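Undergrad: requesting a structural model of the entry that follows:
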Amino acid sequence: MFDLILRQARLVDDTVIDIALKDGKIAALGEVAGQAQEERQLNGEYYVSAGWIDSHVHCYAKSPIYHDDPDSVGVATGVTTVVDAGSTGADDIDEFYEITRKAATDVYALLNISRVGLIAQNELSDMANIDKAAVRDAVKRHPGFIVGIKARMSSSVVGANGIKPLERAKEIQRENGDLPMMVHIGNNPPDLDEITELLSSGDIITHCYNGKPNRILTPAGELRASVAKAIANGVRLDVGHGTASFSFEVAKIAIQQGILPHTISSDIYCRNRMNGPVHSLGAVMSKFLSIGLSLPQVIESVTANAADGLRMKHKGRLEVGLDGDLTIFELKCQPTVFTDSEQQTLTGDRLLVALAAVRAGKWFDCE
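TA: Numbers count the residues shown, from 1 in each chain. Presented below is the predicted three-dimensional model:
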């Protein structure tokens, strides 16, 4: 007997199938025979995808700057897995780990290369905070929880250190099994050309469509040669919307040139969740439907692509044996005014609304 069967679930390619879960895993797909302790009849009316993964959030409740509750940015909004992007460093990762064990949402961490984490905006202004041994020991303590490292490379963070923290981050990466590395880009120095020169295949540029002068586009609206080279070498682009890091204009120009995001993420925390402009991962995804991405492209960017970028082989796809994580949602056709981080607006006619999350086979209604 199965634990849960979703009957007549509509996939993003508009096929309709049954999905059966048992012991927290996907157990059967297609026309499923047999019974379950619980069945949900969707009648082909509601979409189901692999559980949405938000690969850039801030959900360490004790952070003095960017904090939130994992379930408020997770299962309450249809997101089954969240990855905290550098809120904690080696000094506070243990406490963060313990807190997240109580969450219904599956929580992972990108470890800040600064051992003090985000206790202030300038965590990389003192090179002494970048302690290789402390990072190594933290990764050894939490090998399944820490899925990568995070380096915030903007002037307010690095101070007078310029590109040096990223050089140290690459050393840390190599010494810890080439963990995935997410690099925040913002105001220079360091210049984006310097940053991309150090990146290698699998590294992730987050805030890829920010509207700041140090952005991926030249003043003429063309992709910087250094960024084009990085993408060709396997560097991945992540949205990381956030309060100050997403521009409709930059995203539209880039996407028209075929410069698509590998992953759509929110950079959400309590203030930009409640007051905007982020609100939820689903809201950010809806913005990309309005810019021109298709529904399958948007869903892939928060499922398979997100899992691949952080080497989560047990997530991101509807396949037997993978985690029993699902997002049930509808696509509403209604005029909606969206706002970016530059306070510019865009009116779209489609809105993704998460109705429920299934995490490890357990159903959670969205708020």
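Undergrad: those helices in the stretch 251-367 of the chain, which residues are they?
TA: Using DSSP state H, counting those that start in this stretch, the helices of the stretch 251-367 of the chain run over residues 270-274, 281-291, 295-301, 304-309.
Undergrad: distance to residue 209, mean pLDDT and mean neighbour count added to those, as CSV?
TA: Placement of C-beta: from N, CA and C, glycine included. Rendered in CSV, the data for the helices of the stretch 251-367 of the chain read as follows (distance: least, Cβ to Cβ, whole Å; pLDDT from 0 to 100; neighbours: other Cβ atoms under 10 Å):
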stretch, distance to residue 209, mean pLDDT, mean neighbour count
helix 270-274, 16, 98, 16
helix 281-291, 9, 98, 23
helix 295-301, 13, 98, 21
helix 304-309, 16, 98, 22
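Undergrad: where's the residue nearest to the spatial centre of the chain, which helix or strand?
TA: Centroid check for the chain by Cα atoms, centre = their mean gives residue 55 as the closest residue, at 1.9 Å. Element membership of residue 55, judged by DSSP states H and E, is strand 52-57.
Undergrad: quick one: contacts of that strand?
TA: Contacts to strand 52-57, defined as Cβ atoms under 8 Å, 6 or more residues apart in numbering, come from residues 68, 73-74, 78-85, 182, 206, 238-240, 263, 265-269, 281-282, 302-303, 306-307, 309-310, 312, 315-316, 327, 354, 357.
Undergrad: strands - which of those residues land there?
TA: 79-85, 182, 206, 238, 327, 354, 357 (DSSP state E).
Undergrad: mind checking which of these are buried?
TA: 79-85, 182, 206, 238, 327, 354, 357 (16 or more other Cβ atoms under 10 Å).
Undergrad: relative to strand 79-85, how tilted is the strand holding residue 55?
TA: On the basis of axes from the mean of the first three to the mean of the last three Cα atoms, to 10 degrees, strand 52-57 is oriented at 20 degrees to strand 79-85.
Undergrad: tell me the angle strand 52-57 makes with helix 281-291.
TA: Orientation check (the same axes, to 10 degrees): strand 52-57 against helix 281-291 gives 100 degrees.
Undergrad: hang on, the earlier thing: which of the buried ones among the ones in strands among the contacts of strand 52-57 lies closest to residue 334?
TA: Nearest to residue 334 out of those is residue 354 (Cβ to Cβ; 15.4 Å).
Undergrad: is the closest one in a bridge, and if so with what?
TA: Bridge pairing for residue 354 (DSSP bridges) gives the partners residue 329.
Undergrad: looks like it contacts residue 365 (just checking).
TA: No - contact status for residue 354 versus residue 365: not in contact, 9.9 Å apart, counting by Cβ atoms under 8 Å.
Undergrad: what's the domain layout of the protein?
TA: Segmentation of the chain into domains, based on automatic domain parsing, reads 2-49+321-365, 51-309.
Undergrad: so which of those is the most packed in?
TA: Burial of those is given as mean neighbour count (mean count of other Cβ atoms under 10 Å); domain 51-309 ranks first at a mean of 21.
Undergrad: pLDDT below threshold where in the stretch 201-350 of the chain?
TA: Judged against pLDDT under 70, the stretch 201-350 of the chain has no low-scoring part.
Undergrad: gap between the closest residue to residue 114 other than its chain neighbours and residue 310?
TA: Among residues not flanking residue 114 along the chain, residue 123 sits closest, at 3.9 Å (Cβ to Cβ, 6 or more residues apart in numbering). Residue 123 sits at a distance of 22 Å from residue 310 (criterion: Cβ to Cβ, to the nearest Å).
Undergrad: check residue 184 too.
TA: Shown here: residue 184 relative to residue 310, a distance of 16 Å by Cβ to Cβ.
Undergrad: what of residue 320?
TA: 22 Å.
Undergrad: the two: which has the busier surroundings?
TA: With neighbours defined as other Cβ atoms under 10 Å, residue 320 and residue 310 compare such that residue 310 has more, 23 against 11.
Undergrad: distance of the residue nearest to residue 114 relative to residue 159?
TA: Taken as Cβ to Cβ, the span from residue 123 to residue 159 is 10 Å.
Undergrad: rewinding a little: turn the helices of the stretch 251-367 of the chain into a markdown table, including distance to residue 17.
TA: Shown next, in a markdown table, are the helices of the stretch 251-367 of the chain (distance: least, Cβ to Cβ, whole Å):
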| stretch | distance to residue 17 |
| --- | --- |
| helix 270-274 | 33 |
| helix 281-291 | 22 |
| helix 295-301 | 15 |
| helix 304-309 | 17 |
